[in-house]
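K.L.:
Could you work out the structure for the sequence below:
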Amino acid sequence: MREEGWFPVIPDYKADVEAAAKRYPEAFSHAHVDGDPRRWDFIRLLAFDLYAKDKNIGLNGKRGNPNDLSMDALNYLDQIDGPGRTPEGLRCWVVDVIGGAGGPNPVPQWGVQHDPVASSGAWVKPGTAPGPVPIPVPPPVGFPYPDENTTVKAYQDRVRKAYNDAGRPFPDPNDSDAFRWFSRYGFDCKTQPEPDVANKQIADLRKALGLPA
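P.N.:
Numbering: from 1, shown residues only. Purely as a prediction, here's the structure:
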């Protein structure tokens, strides 16, 4: 160990924690929330990413138990300065990475624990236990296609009513372009809220049929 008054030679990865919180916002929102089945998602993702950068970083098994992972802390191996110990006797640090974890306003942090007891724990290789590292699911692009049995059917009924109001059958065998009211609807539903799309298409249809909007 170093002389009294020394400062720990351990990298500061606070910026990486902050970047991960932005990269995995949904996982961060679930972190350390009691009873939430996804409360370990963020710490696993963070550990997996940081391990690729620094092989000393691992998940932290609380009280030396590798099957009881911390939801807001990592374990950092440091054979020179680490004040804590793993069950195998390796020197280590425990680092808290979420301030206010489990509360309404959690924040990314890099809180190194200097106390030998607080900095002791099992070092667990990211991606090994318990369970696989979750793969973040990208948010959907645009809006999901509306349900065909309810929303799409309601739109179809509005199209039928417009034709009936114009005194024309639906489908109209003489209207070779009738499909466009559905192709436009389906295309626009990818990027706009369905009610807005339906209202616009019906207004355009009624205008084309010579009806008031």
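K.L.:
How about residue 146, nearest residue that isn't a chain neighbour?
P.N.:
residue 194 (4.7 Å; CB to CB, 6 or more residues apart in numbering). Where you see a C-beta, it was placed from the backbone N, CA and C, and this is true even at glycine.
K.L.:
Tell me the spacing between the one you found and residue 162.
P.N.:
17 Å (CB to CB, to the nearest Å).
K.L.:
before we move on, the earlier item: residues near the residue nearest to residue 146, how many?
P.N.:
Around residue 194 there are 19 other residues, counting by other CB atoms under 10 Å.
K.L.:
Residue 198 now?
P.N.:
Residues within reach of residue 198, counting by other CB under 10 Å, total 21.
K.L.:
Isn't it up against residue 159?
P.N.:
No - applying CB atoms under 8 Å, one finds residue 198 not in contact with residue 159, separated by 9.5 Å.
K.L.:
Against which helices or strands is whichever strand or helix holds residue 158 packed?
P.N.:
Here residue 158 sits within helix 153-165, counting by DSSP states H and E. Under the contact criterion of 3 or more CB pairs under 8 Å, 6 or more residues apart in numbering; DSSP states H and E, helix 153-165 touches helix 180-188, helix 194-208.
K.L.:
chain center to that helix: distance?
P.N.:
39 Å (CA atoms, centre = their mean, to the nearest Å).
K.L.:
ditto for stretch 185-203
P.N.:
Centroid separation for stretch 185-203 versus its chain: 28 Å, with CA atoms, centre = their mean.
K.L.:
Could you pull up the mean pLDDT of it?
P.N.:
For stretch 185-203, mean pLDDT is 90.
K.L.:
again, but for stretch 39-54
P.N.:
Averaging pLDDT along stretch 39-54 yields 92.
K.L.:
Show me the contact partners of stretch 159-178.
P.N.:
181-182, 202, 205-206, 209-211 (CB atoms under 8 Å, 6 or more residues apart in numbering).
K.L.:
Tell me how far the residue sitting nearest the centre point of the chain lies from residue 41.
P.N.:
A centroid search over the chain (CA atoms, centre = their mean) returns residue 26, at 3.1 Å, as the residue closest to the centre. Distance of residue 26 to residue 41, given as CB to CB: 8 Å.
K.L.:
next one: residue 170
P.N.:
Residue 170 is 49 Å from residue 41, by CB to CB.
K.L.:
Name the residue in those two with the higher neighbour count.
P.N.:
Each of residue 170 and residue 41 has its neighbours counted (other CB under 10 Å); residue 41 has more, 21 against 15.
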